[in-house]
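Visitor: Based on what follows, work out the 3D shape:
(one chain, ligands or ions: 1)
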Amino acid sequence: MPRSQQALADLVASLGLSDPRIEAAFRVVDRAAFVSSDYGGTAYSDRPLGIPEGQTTSQPSLIAQMIDHAGVTAGSKVLEVGTGCGFQTALLAHLATEVYSIERSLALADLARERIGGNHPAPVSVIHGDGWEGYGAAAPYDVIVVSAAASTLPDALQEQLREGGRIVIPIATQHSDDVLVFVKRDGRVELDHLVTPARFVPLVKGQG
Ligand code: SAH
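Guide: Below is the predicted model:
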């Protein structure tokens with residue numbers, strides 16, 4: 001097995017994923033293809049890495065946890081907020097039926113589109129825009145995953161969530177960014193549970 005393939009296999013094994021669908025997605029989406037080649041083998045470590053525009057791609061174990069708690073099924077229409085390098089977008093494209101991803105940086109949206117390519121089962125649309133407004137054109141969504149820390153749960157995302165749907169979002173507190181799961185029940189979006197405290201770049205208001 002080539003060294004990079006072995007490193008990817010070792011990374012996936014270290015994540016100890018219990019959902020075989022998520023594990024399969026991590027096996028085929030090569031993180032090294034989404035980050036600078038300067039990282040070399042570090043791309044396969046479970047660490048956050050810098051990406052262009054001063055942003056960060058989370059450590060794979062955190063991405064795995066967020067995707068797991070999002071409850072993405074083969075029939076889910078997913079909205080991702082904060083495309084970044086597109087690594088999580090590509091994973092979602094192996095798990096869902098349709099993926100929309102919104103990124104405020106034009107440079108990152110273009111880069112992610114190129115890196116995601118077309119070699120995945122679900123169609124992916126990367127939109128340059130402001131995630132605080134969501135993406136109404138394709139709503140409602142079964143799942144919304146936000147990859148940057150918000151001060152509050154954006155109203156537009158609550159409106160664009162389907163009944164019974166889930167939002168996974170880091171909400172900034174004084175000490176950490178708490179990754180929370182919200183569920184829409186009887187038309188109201190309610191807090192369901194805390195996944196983990198973590199650190200994210202901020203969900204900035206307005207299009208970049
Ligand atoms: N899942 C991505 C995370 C990138 S970091 C990855 O693994 O690469 C978070 C991203 O959110 C950054 O690219 C940042 O530009 C973007 N972002 C910040 N505020 C935003 C907003 N209001 N709307 C859309 N994207 C936003």
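Visitor: Show me which residues of the chain sit near the ligand.
Guide: Counting by C-beta under 6 Å from any ligand atom, the residues of the chain close to the ligand are 51, 55-58, 81-82, 84-85, 87-88, 102-105, 108, 130-132, 147-148, 201, 203-204. Using the backbone N, CA and C atoms, a C-beta is placed for each residue, glycine as well.
Visitor: List buried residues within those.
Guide: 51, 55-58, 81-82, 84-85, 87-88, 102-105, 108, 130-132, 147-148, 201, 203 (16 or more other C-beta atoms under 10 Å).
Visitor: The residues you listed in helices, which ones?
Guide: 87-88, 108 (DSSP state H).
Visitor: want to throw the residues you listed into JSON lines with pLDDT?
Guide: Shown next, in JSON lines, are those (pLDDT from 0 to 100):
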{"residue": "Phe87", "pLDDT": "98"}
{"residue": "Gln88", "pLDDT": "98"}
{"residue": "Leu108", "pLDDT": "98"}
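Visitor: For Val143, state which of those residues is nearest.
Guide: Gln88 (12.2 Å; C-beta to C-beta).
Visitor: Can you tell me the centre-most residue of the protein?
Guide: In the chain, the residue lying closest to the centroid (C-alpha atoms, centre = their mean) is Gln88, at 4.4 Å.
Visitor: Sweet, I'm off.
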